[in-house]
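1. Make a model of this:
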Amino acid sequence: MIPKAAEWKKDRVSVLQDVLTKPGIVGIVDIAGVPATNMLDMRANLRDGMTATMAKKTLIRRAWSGAGLVENDLEILLDGVVQPMLVHTDQYNAFQLSDELNKTRQGRAAKDGELAPEDIVVEKGETEFAPGPIVGELGAVGIPAKIDKGKVVIQKTTTVVEAGQAIEGDLGMMLSKLGINPIEIGLILSGVLEEGTVMPSQSLNIDYDAFRTDVITATSGAFNLACNISWFASETMPTLLSKASGEAFNVAIEAGISNEKTLPIFMSRAHSRALALAGHLDSSALDEELAGMLGAAAQTAATTTESTGEEAAPAAEESEVEEEEEEDGGFGGLGDLFG
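-> Prediction:
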């Protein structure tokens, strides 16, 4: 006679199947080793829009099959999970779900025989213990200690258990007294199923600062490349137009093309060169306006020299050199400048 499934199991499978068929993201969480009081606190702190349903693996498998999902995906999510819990959300993406569940992680004291998840290191230095039997108790579990100036002091930094080794005897209790709780508990996410894609927890734990930096670097590099190859897009057009405008202006200046933008530059250059040439003439050859401009220029140069502490002689020499170059280039003299 084939035994009938208990009615409560059927109801449980039905509930799980409803969760699996809802729109959103489904994840498997391992809650093994989490005390009941901690579990209640963790579930109470979950954000709105997220549900958590505990069930045995056999019931989850039946519900998964009944929901028409790929069985191999479930096996990937259940890999290594001791005590599963089904989580669902339709308000957050996979990365947000992972972040929220990571907030429930906390440490607890190690029990005899549990494996160290990583190297357990006790640092050298003072402790909060008063002198007493604690010194011998620490020494008994391999933590060298002594009394110094009325306090118990760890003599040297010691790796008491290496990763993967068992934490034996009273070591877990002594580590807890030192504030070291190496066994991590919490709603540990195994992975999620989002729109038919399985993502293990390792893929969801990302360094957001490093990721943001990578995105900024990639965006900057892509933008520079697009500008250098003149790729026309809404993002690059302002830069490309500005660059083209600047280059066209420089070409116009070098070619001596006169327009409303280049004329101010040409006039400024001509004015500066005229003053430089006039500075070499006898004062009797200058009219009042030109003499006044030379005097103002000389006063400005003197003020600049005093404020910066630099000599004006090199600048004057540069002006002379520039003037000579202009004359050699076919410059017609003061008559051309002043009519």
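2. all strands for the stretch 101-250 of the chain, in order.
-> 106-108, 114-115, 120-122, 125-126, 145-148, 151-154, 158-161, 166-167, 183-185, 188-194, 197-200 (DSSP state E, counting those that start in this stretch).
3. list the contacts for Gly139?
-> Ala145 (CB atoms under 8 Å, 6 or more residues apart in numbering). The C-beta positions use only the backbone N, C-alpha and C, and glycine is treated the same way.
4. Please report how far it lies from Met174.
-> Distance, Gly139 to Met174, using CB to CB, to the nearest Å: 10 Å.
5. With Glu114 instead?
-> For Glu114, the distance to Met174 - CB to CB - is 14 Å.
6. which of those two has more neighbours?
-> Counting neighbours by other CB atoms under 10 Å for Glu114 and for Met174 shows that Met174 has the greater number, 20 against 17.
7. quick one: low-confidence parts of the chain?
-> 1-5, 45, 47, 283-286, 290, 297-299, 301-302, 304-339 (pLDDT under 70).
8. Let's check: the centremost residue of it is which one?
-> With the centre of the chain defined as its mean C-alpha position, the nearest residue by CA atoms, centre = their mean is Asp209, 1.7 Å away.
9. how close does that residue get to Ile216?
-> 11 Å.
10. Find out how far stretch 69-82 is from the centre of the chain, if you would.
-> 32 Å (CA atoms, centre = their mean, to the nearest Å).
11. Would you mind extracting the C-alpha trace of it into CSV?
-> The C-alpha trace of stretch 69-82 is given here as CSV (Å, rounded to 0.1, in the frame of the first residue of the first chain):
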residue,chain,number,x,y,z
LEU,A,69,10.9,25.3,-13.4
VAL,A,70,14.2,23.7,-14.5
GLU,A,71,15.2,21.1,-11.8
ASN,A,72,18.9,21.5,-12.5
ASP,A,73,18.6,25.2,-11.5
LEU,A,74,17.3,24.2,-8.1
GLU,A,75,20.1,21.7,-7.6
ILE,A,76,22.6,24.5,-8.3
LEU,A,77,20.9,26.7,-5.7
LEU,A,78,20.7,24.0,-3.1
ASP,A,79,24.4,22.9,-3.5
GLY,A,80,26.0,23.0,-0.1
VAL,A,81,22.8,24.3,1.7
VAL,A,82,22.0,22.4,4.9
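12. neighbouring contacts of it?
-> Counting by CB under 8 Å, 6+ apart, 20, 27-28, 30, 32-33, 57, 60-61, 64-65, 84, 190-193, 196, 198, 200 sit against stretch 69-82.
13. now stretch 40-54
-> 15-16, 19, 29, 31, 34, 84-92, 97, 100, 103-104, 186-187.
14. 6 Å - rerun?
-> With contact meaning CB atoms under 6 Å, 6 or more residues apart in numbering, stretch 40-54 is reached by 85-89, 91, 100, 104, 187.
15. Out of those, the closest to Trp8 would be?
-> Leu86 (16.7 Å; CB to CB).
16. What ranges does the stretch 51-200 of the chain have for its helices?
-> 57-66, 71-78, 94-102, 134-140, 171-177 (DSSP state H, counting those that start in this stretch).
17. Reformat those helices as JSON lines; add distance to Ser258.
-> Formatted as JSON lines, the helices of the stretch 51-200 of the chain follow (distance: least, CB to CB, whole Å):
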{"stretch": "helix 57-66", "distance to Ser258": "81"}
{"stretch": "helix 71-78", "distance to Ser258": "74"}
{"stretch": "helix 94-102", "distance to Ser258": "61"}
{"stretch": "helix 134-140", "distance to Ser258": "91"}
{"stretch": "helix 171-177", "distance to Ser258": "85"}
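18. Figure out which of these is closest to Ala226.
-> Of those, nearest to Ala226 by CB to CB is helix 94-102, at 28.8 Å.
19. Quick one: distance of the closest one to the chain centre.
-> So, by CA atoms, centre = their mean, the centroid of helix 94-102 is 18 Å from its chain's centroid.
20. what's it packed up against?
-> strand 188-194, helix 201-204 (3 or more CB pairs under 6 Å, 6 or more residues apart in numbering; DSSP states H and E).
21. mind running it again at 7 Å?
-> strand 25-30, strand 188-194, helix 201-204 (3 or more CB pairs under 7 Å, 6 or more residues apart in numbering; DSSP states H and E).
22. if you compare the ones you listed, which one is most tucked away?
-> strand 25-30 (a mean of 23; mean count of other CB atoms under 10 Å).
23. so it versus helix 94-102, what angle?
-> 30 degrees (axes from the mean of the first three to the mean of the last three CA atoms, to 10 degrees).
24. Output the contacting helices and strands for strand 25-30.
-> strand 84-89, helix 94-102, strand 188-194.
25. ok, now with 8 Å
-> Contacts defined by 3 or more CB pairs under 8 Å, 6 or more residues apart in numbering; DSSP states H and E place strand 25-30 against helix 71-78, strand 84-89, helix 94-102, strand 188-194.
26. How far does stretch 6-22 sit from its chain's centre?
-> How far stretch 6-22 lies from its chain's middle: 42 Å, per CA atoms, centre = their mean.
27. Show me which positions of that stretch end up buried.
-> Buried residues in stretch 6-22, counted by 16 or more other CB atoms under 10 Å: 12-13, 16-17, 19-20.
28. Can you measure across stretch 145-164, start residue to end residue?
-> 25 Å (CA to CA, to the nearest Å).
29. Going by neighbour count, list what's buried in it.
-> 145, 152-154, 160-161.
30. Sweet, I'm off.
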